[in-house]
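> need coordinates for the following:
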Amino acid sequence: MPAAARPGQVVVERKAPKTTCTSQAVRNFLNETEPPSNEQRYALASKVIGQPIDYRITDEGQQPQMRSLKWYPPGPDCSSENQTAADCTEVEIGIESNGIGFGGVAATDVRTVTAGDGCAT
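Numbers count the residues shown, from 1 in each chain. Predicted coordinates for the structure are as follows:
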């Protein structure tokens, strides 16, 4: 086989894949000994998602109480200290609903928001 016809060495350069944690970071504000104010919770959710969020849906114009926040941070830090959601992952926001759930405890509605831009739905 002529030298020119022999396979050469091929080098493929790629960007490293984005690392995404396999378990969610969780803030359950109801179980924290010194939970942040509701306003601080919404600010944290906006930071995690990377865009402002505002749920002023009550008749009185008040923000409903945020109970929990769950997201998949980009690695390597997969704890709730990593306050950024990986692109195109869902962020779950637990919001106190107006109804009463089982056992007389206020129910929680879970709303999801996709972090990042240009994510296929």
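
> distance of residue 50 relative to residue 30?
Plainly put, residue 50 is 25 Å away from residue 30 if you go by CB to CB, to the nearest Å. C-beta: built from backbone N, CA, C; applies to glycine.

> elements contacting the longest strand seen in the chain?
Under DSSP state E, the strand in the chain containing the largest number of residues is strand 90-100. Strand 90-100 is packed against helix 38-49, strand 66-71, strand 106-114, with contacts defined by 3 or more CB pairs under 8 Å, 6 or more residues apart in numbering; DSSP states H and E.

> and these, which is most packed in?
Neighbour counts (mean count of other CB atoms under 10 Å) averaged over each of the helices and strands packed on strand 90-100 peak at strand 66-71, with a mean of 22.

> ok, that one: who's next to it in the sheet?
strand 25-28 (antiparallel), strand 90-100 (antiparallel) (DSSP bridges).

> before we move on, the earlier item: reformat the helices and strands packed on strand 90-100 as CSV; add mean pLDDT.
Shown next, in CSV, are the helices and strands packed on strand 90-100 (pLDDT from 0 to 100):
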stretch, mean pLDDT
helix 38-49, 92
strand 66-71, 94
strand 106-114, 80
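
> TSV for those, including distance to residue 88?
Listed next are the helices and strands packed on strand 90-100 as TSV, based on distance: least, CB to CB, whole Å:
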stretch	distance to residue 88
helix 38-49	12
strand 66-71	12
strand 106-114	6
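
> good, wrapping up.
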